[in-house]
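1. Build me a model from this:
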Amino acid sequence: MKPGSLTIDAARDHDSLYWLFLVTFPGYFIYHFAVTIGVLPAFLAGYSTPICFISLPLLLGVHMRVALNRSADEPVVIERALFAFLAFYACVTVWELSTRNMLNSAEAHPTVIAQFITLFFLALYTPLHQRQTTLLLVLIAAMTGMVINNALNGGFISAALESYGVQNSLITYQGYAFAYWVTLVTLVALLADRPKLRALTYLLAFVALFLNGARSEFAAALVAFIALEFLQARSKWRLVQGFLIAIGIFVVVFLVFQDELQDYRVITIFTEYEEDLSVLDRKKMLEDGLATILQHPWTGRMGSYLGGEYIHSYLSAWVDLGALGFIAFLLLQSLPVFHLWTQRRSIRHDPTLQQLFLFTVSTLLLSFAAKPFTQYLLPITLGLCARHMRLAHLAAASKRTAA
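-> Numbering: from 1, shown residues only. Reported below is the predicted structural model:
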């Protein structure tokens, strides 16, 4: 069996799934950049939804073929847990849509469910191979350049202004950060044995996320990368030295370019916290969401808020799905954490496990303080977890057979 294959039948889909990954994430980023600078018309609207509905039948076909050929004892706990949650989520959505008039925030939920399924299968079946490294590195460098262009020429401002309009064909800094982060983590996992190139990738990443204005993703990347390096480092003292040097360089750069950098969102969260509009808006959304939870603790109240005005944390699951859905969501998020704990001794030598580690840390941090339960990092994390569980099972089965 080829390394990284889930079954022999799935191996023939590796190249097509890899290209589908590129279309879904770097393609999403590049398409919107091209629309922003006027190279392309917005012929695919928001891009992610049409790509989702094109990809989903292809991924279902791969899944059916794998399901029909896999052994009966292969672990499927992640799949069952996710699809049980999505079934509950779908039932709540159908019930709420059919029984009362809701605000427009409820209209997105059917698409979210389809996106969850697509991203889960894409993460589950897309291979991680060293031959992908060069292209991903080129893409990250190019995407960083596009972020710099947007920051200098007002691309993010244009998208933010359009988000208040009708068409909404441009993504904001958050959409760019999502596509960038998924591509970045995949690249970093492939650079486990190349520390200098990994350090260069970190530099590009922090420049991009800083200029992009994605404060939550910037903080999540900082924590996730430091945690990964700590687990991998043979000399913890050298890691601390490197971290202190990086802080020193950042301080010097900030002091030299203070006037140019002081208005960027990553800086203003510290210098203007009490007056930051995003902070104030999210406090109001949290207050409104908590009031909804207190009024409807068991059933929640899906669609009780305007589009985008949800609690920016895991508590959003309680607002939309009630207490049972909230507990189910927490249990779902705990599954990758438990798997990582059981495989903790293998993280240093396993690129797929390192990829899962970075996604799990960032997903947990963003769910805790910045993103709703519908954030798309969750199905990717669960798909990677299911993938690694199967790979570990197949490796153990091969050892037993050889013995």
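
2. and D73, what element?
-> According to DSSP states H and E, D73 maps onto no helix or strand at all.

3. now I171
-> Of the helices and strands defined by DSSP H and E, none includes I171.

4. neighbours around it, how many?
-> 25 (other CB atoms under 10 Å). For glycine as for every other residue, the C-beta is placed from the backbone atoms N, C-alpha and C.

5. For the chain, give me the ranges with low pLDDT.
-> Counting by pLDDT under 70, the ranges of the chain that qualify are 1-14, 100-107, 154-170, 254-264, 269-273, 307, 402-403.

6. Go again with 50.
-> 1-6, 8-9, 11, 158-167 (pLDDT under 50).

7. List the contacts of the closest residue in space to L378 that isn't next to it in sequence.
-> In this structure, L378 finds its nearest non-sequential neighbour in T363, 5.7 Å apart by CB to CB, 6 or more residues apart in numbering. Contacts for T363 (CB atoms under 8 Å, 6 or more residues apart in numbering) come out as Q333, P336, Q375, L377, L378, T381.

8. swap the cut-off to 7 Å and go again
-> Shown in contact with T363 (CB atoms under 7 Å, 6 or more residues apart in numbering): L377, L378, T381.

9. Out of those, which sit inside strands?
-> Secondary structure from DSSP state E places none of the contacts of T363 in strands.

10. Check those against Y310 and report the nearest one.
-> Using CB to CB, L378 comes nearest to Y310 of those, at 14.9 Å.

11. burial count for that closest one?
-> Neighbourhood size, L378 [other CB under 10 Å]: 26.

12. Look up how far M64 lies from it.
-> Distance from L378 to M64, counting by CB to CB, to the nearest Å: 23 Å.

13. Then E217?
-> Computed as CB to CB, the E217 to M64 distance reads 35 Å.

14. Between these two, tell me which one has more neighbours.
-> Shown here are E217 and M64; by other CB under 10 Å, E217 has more neighbours (28 against 10).

15. if I pick the more buried one, what's in contact with it?
-> For E217, the contact set (CB under 7 Å, 6+ apart) comprises A177, W181, L209.

16. Just these: which are in strands?
-> Among these, no residue falls in strands (DSSP E).

17. got a list of what T299 touches?
-> Residues counted as contacts of T299 (CB under 7 Å, 6+ apart) are G322.

18. so what's S216 closest to, chain neighbours aside?
-> Closest to S216 by CB to CB, 6+ apart is A370, at 3.6 Å.

19. on that earlier part again, measure the residue nearest to L378 to F230 for me?
-> 19 Å.

20. buried sites along stretch 327-341?
-> By neighbour count on 16 or more other CB atoms under 10 Å, the buried set for stretch 327-341 is A328, F329, L332, Q333, L335, P336, H339, L340.

21. Okay, buried residues for stretch 299-318 please.
-> 300-305, 309-318.

22. so which of the residues you listed comes closest to V252?
-> The closest of the buried residues of stretch 299-318 to V252 turns out to be H312 (CB to CB; 33.0 Å).

23. Number of residues surrounding P57?
-> Burial of P57 is recorded as 9 neighbouring residues (other CB under 10 Å).

24. and if you look at L231?
-> L231: 12 neighbours (other CB under 10 Å).

25. got the CA positions of stretch 238-249 in PDB?
-> Extracted as PDB, the C-alpha positions of stretch 238-249 are listed here (Å, rounded to 0.1, in the frame of the first residue of the first chain):
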ATOM      1  CA  ARG A 238      17.800  27.600  21.700                       C
ATOM      2  CA  LEU A 239      14.100  27.900  21.000                       C
ATOM      3  CA  VAL A 240      13.700  30.500  23.800                       C
ATOM      4  CA  GLN A 241      16.700  32.400  22.400                       C
ATOM      5  CA  GLY A 242      15.200  32.400  18.900                       C
ATOM      6  CA  PHE A 243      11.900  33.600  20.300                       C
ATOM      7  CA  LEU A 244      13.600  36.400  22.200                       C
ATOM      8  CA  ILE A 245      15.500  37.400  19.100                       C
ATOM      9  CA  ALA A 246      12.300  37.500  17.100                       C
ATOM     10  CA  ILE A 247      10.700  39.700  19.700                       C
ATOM     11  CA  GLY A 248      13.700  42.000  19.600                       C
ATOM     12  CA  ILE A 249      13.600  42.300  15.900                       C
END
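
26. Residues touching that stretch, excluding its own?
-> By CB under 7 Å, 6+ apart, stretch 238-249 touches I226, E229, F230, A233.

27. leaving aside the residues next to it on the chain, what's closest to the first one?
-> The shortest distance from I226 to any residue that is not its chain neighbour, by CB to CB, 6+ apart, is 6.8 Å, and that residue is F243.

28. number of nearby residues for the one you found?
-> Using other CB under 10 Å: F243 sits among 13 other residues.

29. now do the one 5 residues further on
-> Each residue near G248 was counted by other CB under 10 Å, and the total is 10.

30. again, but for R238
-> Neighbours around R238, by other CB under 10 Å: 10.

31. going forward can the numbers begin at 309, since that is how I track them
-> In the new numbering, first residue 309, that becomes R546.

32. In three-state terms, label it for me.
-> helix (DSSP: H, G, I helix; E, B strand; the rest coil).

33. any idea how far Y618 is from L594?
-> Taking CB to CB, one finds L594 at 10 Å from Y618.

34. let me fix that: D628
-> Here the criterion is CB to CB. By it, D628 lies 8 Å from Y618.

35. tell me which residues of the host helix or strand of A528 are tucked away?
-> Using DSSP H and E, the element containing A528 is helix 523-540. Buried residues in helix 523-540, defined by neighbour count with 16+ other CB under 10 Å: R523, S524, E525, F526, A527, A528, A529, L530, A532, F533, L536, E537.

36. and if you look at stretch 361-377?
-> S363, L364, L366, L367, V370, H371, V374.

37. and if you look at stretch 376-392?
-> Counting neighbours by 16+ other CB under 10 Å, one finds that the buried residues in stretch 376-392 are R378, E382, I386, E387, A389, L390.
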